[in-house]
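>>> Mind folding the following:
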Amino acid sequence: MVLNIGLTVQNQLKPTQENINLKTAKRIHFLGAEGIGMQALIAILEEKQAKGELDKNFSIGKSDLSYLKKSYTEKTKIDSRLLSETDFVVRSTAIKENDPDYKFFAEKNIPIIHRSEMLNLASEPARQIVISGTHGKTSTSALTAHLLLELDLEPGFAIGGILKQYSGNAKAAPDSPEAIFVMEGDESDKSFMRSKPYIAVVTDVEADHLENYPGGLEEIKNCFYEFLDEAEYKIICTNNQILRDYAKANSDNEKLLSYSNSDRDADMFLDLNKNTVSFKDQTEDISLAIPGTFNLLNSCAALLSAYIIKESQANNFDLKKAINKLQSFHGTKRRFELINGKYEVKSKEHGDYQIKIYDDYAHHPSEVQALLDSVRTMINKNEKALFIYQPHHPERTQQFWTEFKNTFKKFPENIHVFIPDIYVARSQHIDGVNSAKLVEEINLEHIKYLDPALNLTANEASKADIQGNFHDTTSTLKPIIEAELKQDKYKYLFIVGAGNIGKVAESFTIC
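Now for the predicted structure:
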């Protein structure tokens, strides 16, 4: 029952939960329970239990990566009681085979399934809207869930980010085959191929997570094509050439819809110059309460999803009404999120002034470029911004070294950039792959290496892990950032990355 998530498309991931009945299970144990995706599943099960849809004695067990620090012998002594209580185990991709809990359950032959399979179980019997793609999954999923909620379509959802106005990232769908469930399809480990999409949405296709795609971009493309082929309805962004090719090859499929801000042949066209959306001979103004031109593009996928659901229910789709409903969306955490609108800077040289601070999850060169494009629409050439970008994992940094260099070379001189050390976490250091070298090769005066030694004594600096794995990243990096804010009169601070730089961002929210 243990899954292998590193399979190629020719040997596609096969479901292993056929013999598992969620409604009769009495206990499910979650390995990696603190992950955002696992938190969504737990929240859905708790809601189902409150509704009386699960066994009256149902309970949830939880453990996380911290258990790696305990010995297997110790874990067996502590958790042997679980053997008679646990029906099956759910693990996240972060859980490896050397995790003591994993070893315990596997050796006792207790079924272990992947998070993506649990997502299928938790969404049943609703129809899945599965949103995947190299970029934009979380924002598009959140916009789609919000729009369907505002249109009173009662969707369930599981999203990889906290929806700010709902203070959560999950909701159970009604127990009906007519219900709708919005979910992210994670392409990073190929688990999106386990989903059962009624509507498949693909926002973008690029090379990423190549450790799980030995066939490179061609394998990634084939996986996405298979994912789309499995769905009854398909929604794709034809800004991307790979998806445009798919649209051309399936031009006679009436259940395929496209959107774009560059391809005027798309079914839904977003005109960013006029801020309008055109669909089926109708053109309407569009705006959102959240910043970012990419969010306007993502909203097109949400609108098309709502159109399909409305049409399936024999209800007329009102484009103008749907756009108006989108304007009440307040965003998701860590996606171009304004976390402090009036941060006070006390500077001897510039006096006291206020700046706005944004937090963002971007960690791929294309995501950083999209963020830059949006930032440049916010500020004028006379305003200064400080951009902190933490690279995510040595492997990704190495794979996209040239792309990262080219992206940062596009940053104008009024946007100063600090690049701290690479976030490593569970991956490995790679000799010659580090932020200092990246900055050296970018070779621009306004792009600098954020050297942690600036806030450490010489002795502490010599002991520090120069790959970003500090005992306390916030106390190490935040004083250096604050000191820089006093040197120039910045109007904006952007804290960007998928690693522990998010902890630094959190520290600015309470200032």
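>>> switch to C-alpha atoms for all contacts and neighbour counts from now on
Noted.
>>> Backbone dihedrals for D352, both of them.
Here the main-chain torsion angles of D352 (degrees, to the nearest 10) amount to phi -80, psi 130.
>>> Centroid-nearest residue for the chain?
Centre of the chain computed as the mean C-alpha position; nearest residue by Cα atoms, centre = their mean is T138, 4.7 Å away.
>>> Show the pLDDT at that one.
In this prediction, T138 carries a pLDDT score of 87.
>>> Just to be sure, F30 is in a strand?
Yes - with the criterion set as DSSP: H, G, I helix; E, B strand; the rest coil, the secondary structure at F30 is a strand.
>>> now it: how far from L163?
Using Cα to Cα, to the nearest Å, one gets 23 Å for the distance from F30 to L163.
>>> what's the answer for L438, then?
L438 is 34 Å from L163, where distance means Cα to Cα.
>>> contacting residues around the residue nearest to the centre of the chain?
The neighbours of T138, taking Cα atoms under 8 Å, 6 or more residues apart in numbering as the test, are 159-161, 184.
>>> got those as JSON lines, with neighbour count, secondary structure and distance to F404 columns?
JSON lines is the format used below for the contacts of T138 (neighbours: other Cα atoms under 10 Å; DSSP: H, G, I helix; E, B strand; the rest coil; distance: Cα to Cα, whole Å):
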{"residue": "I159", "neighbour count": "28", "secondary structure": "strand", "distance to F404": "27"}
{"residue": "G160", "neighbour count": "24", "secondary structure": "strand", "distance to F404": "24"}
{"residue": "G161", "neighbour count": "23", "secondary structure": "strand", "distance to F404": "25"}
{"residue": "E184", "neighbour count": "28", "secondary structure": "strand", "distance to F404": "26"}
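>>> what about stretch 191-208, distance to the chain center?
13 Å (Cα atoms, centre = their mean, to the nearest Å).
>>> I misspoke; the intended subject was stretch 201-209.
Stretch 201-209 has its C-alpha centroid displaced from the chain centroid by 12 Å (Cα atoms, centre = their mean).
>>> got the contact list for it?
Judged by Cα under 8 Å, 6+ apart, the contacts made with stretch 201-209 from elsewhere in the structure are 129-137, 188-189, 216-217, 220-221, 224, 228, 234-237, 239-240, 242-243, 298, 301, 364, 396.
>>> List the buried residues of that stretch.
Within stretch 201-209, the residues that qualify as buried by neighbour count (16 or more other Cα atoms under 10 Å) are 201-209.
>>> from those, which is closest to F58?
Checking these against F58 with Cα to Cα, the nearest one is V201 at 33.9 Å.
>>> Which helix or strand lies directly C-terminal to the strand or helix carrying that closest one?
For V201, the host element (DSSP states H and E) is strand 197-202. Later in the chain than strand 197-202, the nearest helix or strand by DSSP H and E is helix 216-230.
>>> which outside residues touch that following helix?
Outside helix 216-230, the residues that touch it by Cα under 8 Å, 6+ apart are 8-9, 190, 192-193, 196-197, 200-202, 205-207, 210, 213, 234, 242, 246.
>>> how about a cut-off of 7 Å?
Contacts of helix 216-230 with the rest of the structure, by Cα atoms under 7 Å, 6 or more residues apart in numbering, involve 9, 193, 200, 205-207, 210, 213, 234.
>>> pLDDT check: weakest of those residues?
By predicted confidence (pLDDT), the lowest-ranked of these is V9, with 36.
>>> Buried members of the contacts of stretch 201-209 into ChimeraX, please.
Selection command for ChimeraX covering only the buried members of the contacts of stretch 201-209, criterion 16+ other Cα under 10 Å:
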select :129,130,131,132,133,134,135,136,137,188,189,220,221,224,228,234,235,236,237,239,240,242,243,298,301,364,396
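>>> So which of the contacts of stretch 201-209 sit within helices?
Among those, DSSP state H puts 137, 216-217, 220-221, 224, 228, 242-243, 298, 301, 396 in helices.
>>> Turn these into a markdown table, including distance to L272.
A markdown table is the format used below for the ones in helices among the contacts of stretch 201-209 (distance: Cα to Cα, whole Å):
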| residue | distance to L272 |
| --- | --- |
| K137 | 21 |
| G216 | 33 |
| L217 | 29 |
| I220 | 29 |
| K221 | 28 |
| F224 | 27 |
| L228 | 27 |
| I242 | 22 |
| L243 | 20 |
| N298 | 13 |
| A301 | 16 |
| R396 | 31 |
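>>> circling back to that earlier point, out of the contacts of T138, what pair is the most spread apart?
The span of the contacts of T138, defined through Cα to Cα, is set by G161 and E184 at 10.2 Å.
>>> Give me the phi and psi for H209.
phi 50, psi 50.
>>> for T144, that is, sorry about that
Here T144 shows phi and psi, under degrees, to the nearest 10, equal to phi -70, psi -50.
>>> Now do it: how many residues are near it, please.
Burial of T144, expressed as a neighbour count using other Cα atoms under 10 Å, amounts to 28.
>>> From what I see, it and L304 are in contact.
No - with contact defined as Cα atoms under 7 Å, T144 does not reach L304; the gap is 9.2 Å.
>>> Give the residue from F30 and L163 that has the larger number of neighbours.
F30 (26 against 22).
>>> Report the separation between the more buried one and D99.
Counting by Cα to Cα, the gap between F30 and D99 amounts to 13 Å.
>>> between the one helix or strand H146 maps to and strand 197-202, how big is the angle?
Under the criterion DSSP H and E, the helix or strand holding H146 is helix 137-150. Computed with axes from the mean of the first three to the mean of the last three Cα atoms, to 10 degrees, the direction of helix 137-150 lies at 130 degrees from that of strand 197-202.
>>> Now helix 137-150: buried residues?
The neighbour-count check on helix 137-150 (16+ other Cα under 10 Å) flags 137-148, 150 as buried.
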